[in-house]
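K.L.:
got a sequence here, can you build the structure:
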Amino acid sequence: MKELLAPDTPTQTKYEVRFDWGREGLASISPGAGVIVVIDTISFTTTVGLAVEHGLQVVPFASTDRATAADAAGRIDAVLAGPRGGDGLTLSPSSITPENVAAIAPVTRLVVSSVNGSRLSAAAADLGVPVLAASLRNRTAVAEWILAQQVQTGDRLRVAIVAAGEERSDGTTRFAVEDLLAAGAIIDALAAVGIDYSSPEAAAACAAFVGLRRATGHLLTASVTGQQLIDAGARADVELAGAIDASSVVPVLGESGFVA
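P.N.:
Numbering: from 1, shown residues only. Model (predicted):
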């Protein structure tokens, strides 16, 4: 009987557009990639997108220990995003909207610590290629950014699209339909600009979005993640995450954090 592939064994390497889940998936599909697209639809990458739209730099923090994150924020003269439902700027997308301009205005740099998206982004940052924060909101803008990067480099880029999913209490990754749909939306947008040599995994995610696009809003609110947030009084976060092509901003991770 063949041994199973190790979690970090490169896979999908012959394809231009690849798709996998979590940090293990990142290790698997990133070799040879020219750009990494991180997706954590509800809520990290949606929050990052909104923050960058408002001129903030967003630093993803690899640890979920708030004391450690607060120390790191202090060292770089940044504000640490609070927990969902707290005051000021938080992990909630709804905390970074024009209605909350009083909290946004004094902040130029925001450190965000989350179980899924921030840790995945921090891991991707070490791989030496551009890392984009993507969601349903900026899916077309992300595809156009990647196409422009191809034109600039004069060569086709291999694209590693990594969905964060959700972490269970035992540390394993839970499938998250919102991340599948956002990944599929980006893969569909890439195909529309001619970047379409997709792995079967990427093609299946694309087909899921194309087939279910009209139901995307309902699926996000009815999903496990959506229901958890709605029960916690955070329906606005789910609705913001479900707004397809609502933004033309592409957060790109650099030395100072995610910036436009």
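
K.L.:
in stretch 128-143, what counts as buried?
P.N.:
Of all the residues in stretch 128-143, those buried under the rule 16 or more other CB atoms under 10 Å are 129-143. Glycine gets a C-beta too; all of them are placed from N, C-alpha and C.

K.L.:
tell me where the stretch 1-150 of the chain has helices.
P.N.:
Shown for the stretch 1-150 of the chain, the helices assigned by DSSP state H, counting those that start in this stretch span residues 22-29, 44-53, 66-75, 101-104, 117-125, 139-153.

K.L.:
and Gly217, which of those helices is closest to it?
P.N.:
helix 44-53 (13.8 Å; CB to CB).

K.L.:
in that closest one, what counts as buried?
P.N.:
In helix 44-53, counting by 16+ other CB under 10 Å, buried: 44-53.

K.L.:
for the helices of the stretch 1-150 of the chain, which one sits closest to Pro200?
P.N.:
That would be helix 22-29 among the helices of the stretch 1-150 of the chain, by CB to CB, at 12.6 Å.

K.L.:
can you pull the contacts of Thr108?
P.N.:
Contact analysis of Thr108 by CB atoms under 8 Å, 6 or more residues apart in numbering lists 55-57.

K.L.:
among those, which lie within strands?
P.N.:
Counting by DSSP state E, the part of these found in strands is Gln57.

K.L.:
now render the contacts of Thr108 as TSV, adding distance to Ala243 and pLDDT.
P.N.:
As requested, the contacts of Thr108 are arranged in TSV below (distance: CB to CB, whole Å; pLDDT from 0 to 100):
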residue	distance to Ala243	pLDDT
Gly55	20	96
Leu56	19	97
Gln57	23	98
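
K.L.:
closest to Gly254 among the contacts of Thr108?
P.N.:
Within the contacts of Thr108, proximity to Gly254 (CB to CB) peaks at Gln57, which comes in at 8.8 Å.

K.L.:
tell me what that closest one is bridged to.
P.N.:
Arg109 (DSSP bridges).

K.L.:
what's the neighbour count on it?
P.N.:
20 (other CB atoms under 10 Å).

K.L.:
that one reaches Val259, doesn't it?
P.N.:
Yes: Gln57 is in contact with Val259 according to CB atoms under 8 Å; the separation is 5.4 Å.

K.L.:
now Ala183. Nearest residue, chain neighbours left out?
P.N.:
Ala205 (4.7 Å; CB to CB, 6 or more residues apart in numbering).

K.L.:
with that, I have no additional questions.
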